[in-house]
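> take this sequence and fold it.
(one chain, ligands or ions: 1)
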Amino acid sequence: MVWRYKIKIQFKEALEKRKQQGLLRNLRLLEGEQEVRVKIDGRNVINFCSNNYLGLANDPRLKDAAIEAIKKYGLGSGASRLVCGNMVLHKKLEEKIAEFKNQEACLVFNSGYTANLGIISAIMDKDGIVFSDRLNHASIIDGIVLSRANFRRFPHNDMSALEELLNLNNNPKKKLVVTDTVFSMDGDIASLPEIVKICQKNNALLMIDEAHATGIFGKMGGGVAQHFGLKDEIDIQMGTLSKAMGCFGAFVCGKKDLIDYLINFSRAFIYTTSLPPSICASSIKAIEIIQLEPERRQRLWTNIKFLKEQLCNLGFNTLKSNSAIIPILIKNPILTMEFSQSLFEEGIFVQGIRPPTVARNESRLRITVTSKHCLEDLEFALEKLKKIGRKLCLI
Ligand SMILES: Cc1ncc(COP(=O)(O)O)c(C=O)c1O
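The predicted structure follows:
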């Protein structure tokens, strides 16, 4: 009883502390579909914080594919892949992704979070060292922690620091370098060609997370590795189906040996029920659309360039963003949320991002743009950002 009482007090105190620091988080409610124009908490707003970059989350063709799959294969998969939950559509999706990424083999995971956990913890152990960019996604960090490998963080995109760290740890241990290709809060791009060279020189494995690059970068939407022509130089290519693909789940591509190893050793793959077949069907359809409709990607890039240029012209600090993720650095968390709330009241939905997601003094608005935003949407948002930015003395 005493313990239960104490833990309840602890919850209250932790929440109160977060509130006083301006860091308390609350859920907003989206009424209806993931669209550009949405109703959130009863207010009609234009959505500038979804990762639905190509507008596929509610594409009728993806919906039809899911409905057909439900009719044919039912809802749940009923078991993990290694028991009896390995269905025809899992196999088809993996073949499709391997072809899309031009890789020997592919394995689907239930989310990007569990993929990073499951890949890193399967291939690394306490005898290895993982070198990780300081701004890598939380799921990568959690995967490293779970693996019990030694953990070395290098300053964001700092290639000489990475090289120095590898030199300092130049022993025969297993070495893994891991990086996001598009950083989820800064929107900038990893220096992949240099990372590849450094890994080759130092005999380190390289793993990339293409969550925010898949469908957007590369001639065919294959990601940043494809953009730089590096498809054969990277050992482990992870990506998600939950962002530009508009669906759910994740994948890892590489050599067949890697995939067979993960099937046998990745606990996050082995000990969970497999994805519903309907999600596999819509993901296959999403890849087909990405391959057949490059105009979606082109529209997205036109929007990215326009918005980024206009925000810089207004005097906002958008860091080194070069993707659909455009931050506006505010620093102060309370001011960040005030900005976000004022925008919301003016009909623009942009989330504020605060610690612990970003470092102290790096709070920001995280704007995301999609191929479905029209010029008027962007101009309307810019007008409101300018008005409120000036009122808050940020520009
Ligand atoms: C870089 C990165 N990796 C992994 C994930 C996790 O992906 P998912 O949302 O599919 O779990 C995310 C997204 O939240 C991400 O931004």
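> hey, where'd the helices end up in this protein?
Ranges of helices in the chain, per DSSP state H, are 2-20, 60-73, 88-100, 112-123, 138-147, 159-168, 192-202, 224-227, 256-265, 267-270, 277-292, 294-314, 333-345, 375-391.
> mean neighbour count added to those, as CSV?
C-beta here means a position set from N, CA and C on the backbone, and glycine is covered the same way. CSV is the format used below for the helices of the chain (neighbours: other C-beta atoms under 10 Å):
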stretch, mean neighbour count
helix 2-20, 10
helix 60-73, 16
helix 88-100, 19
helix 112-123, 25
helix 138-147, 20
helix 159-168, 16
helix 192-202, 17
helix 224-227, 22
helix 256-265, 15
helix 267-270, 19
helix 277-292, 23
helix 294-314, 17
helix 333-345, 19
helix 375-391, 17
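> dump the residue contacts of the residue nearest to N136 when sequence neighbours are not counted.
Nearest non-adjacent residue to N136, counting by C-beta to C-beta, 6 or more residues apart in numbering: D180, 5.4 Å away. Contacts for D180 (C-beta atoms under 8 Å, 6 or more residues apart in numbering) come out as 133, 135-137, 140, 190, 208-209, 211-212.
> show residues contacting the lowest-mean-pLDDT helix or strand in the chain.
Lowest on mean pLDDT, DSSP states H and E among the helices and strands of the chain sits helix 2-20, with a mean of 89. If you take C-beta under 8 Å, 6+ apart as the criterion, helix 2-20 is touched by 24-25.
> can you pick the most crowded of the contacts of D180?
Using other C-beta atoms under 10 Å as the neighbour test, those are led by D209, with 32 neighbours.
> show me what contacts that one?
112, 116, 136-137, 140, 178-181, 238-239.
> ok, H137 to K386 distance?
In this view, H137 and K386 are 31 Å apart by C-beta to C-beta, to the nearest Å.
> surely A381 and N47 touch.
No: with contact defined as C-beta atoms under 8 Å, A381 does not count as touching N47 (10.3 Å).
> now do the contacts for the closest residue to Q310 other than its chain neighbours.
Distance criterion C-beta to C-beta, 6+ apart; nearest residue to Q310, sequence neighbours excluded, is L382 at 5.2 Å. L382 sits next to 307, 310-311, 314 when contact means C-beta under 8 Å, 6+ apart.
> one more: Y113?
139, 142.
> and if we set it to 6 Å?
For Y113, the contacting residues are S139, by C-beta atoms under 6 Å, 6 or more residues apart in numbering.
> give me the pLDDT value at the residue lying closest to G315 once chain neighbours are set aside.
Leaving aside its chain neighbours, G315 sits nearest to I395 (4.0 Å; criterion: C-beta to C-beta, 6+ apart). We have a pLDDT of 92 for I395.
> and I395, how far from S242?
Distance from I395 to S242, by C-beta to C-beta: 33 Å.
> neighbouring contacts of stretch 289-309?
53-54, 215, 221, 324, 326, 369, 371, 373, 378.
> TSV please, covering those and showing distance to L75 and pLDDT.
What follows is the contacts of stretch 289-309, written out as TSV (distance: C-beta to C-beta, whole Å; pLDDT from 0 to 100):
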residue	distance to L75	pLDDT
Y53	28	98
L54	26	98
G215	26	97
G221	29	96
A324	32	98
I326	38	98
V369	34	98
S371	30	98
H373	33	98
L378	39	98
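> farthest pair in these?
The most widely separated members of the contacts of stretch 289-309, counting by C-beta to C-beta, are G221 and L378 (22.2 Å).
> of the contacts of D180, list those near the ligand.
137, 209, 211-212 (C-beta under 6 Å from any ligand atom).
> a markdown table for these, including pLDDT?
Formatted as a markdown table, the ones next to the ligand among the contacts of D180 follow (pLDDT from 0 to 100):
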| residue | pLDDT |
| --- | --- |
| H137 | 98 |
| D209 | 98 |
| A211 | 98 |
| H212 | 98 |
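> of the residues you listed, which belong to strands?
D209 (DSSP state E).
> show me what contacts the closest residue to the ligand within the stretch 101-250 of the chain?
Residue nearest to the ligand within the stretch 101-250 of the chain: G112 (2.1 Å; C-beta to the nearest ligand atom). Going by C-beta under 6 Å, 6+ apart, G112 touches 211, 240, 250.
> relative to G143, how far out is it?
11 Å.
> go on, L262?
For L262, the distance to G143 - C-beta to C-beta - is 13 Å.
> next one, pLDDT for the nearest residue to L23 once chain neighbours are set aside please.
Closest residue in space to L23, ignoring its immediate chain neighbours: R354 at 5.3 Å, by C-beta to C-beta, 6+ apart. Looking at R354, its pLDDT is 97.
> now the one 4 residues further on
Confidence at V358, expressed as pLDDT, is 97.
> so what's the residue count around the spatially closest residue to it that is not a sequence neighbour?
Sequence neighbours aside, M185 is the residue nearest to V358 in space, at 5.5 Å (criterion: C-beta to C-beta, 6+ apart). By the criterion of other C-beta under 10 Å, M185 has 19 neighbours.
> can you offset everything so residue one is 304?
Noted, 304 is the first residue going forward, which turns the last one into M488.
> M488 is in contact with A662, isn't it?
No: when contacts are counted by C-beta atoms under 6 Å, M488 is not listed as touching A662 (9.7 Å).
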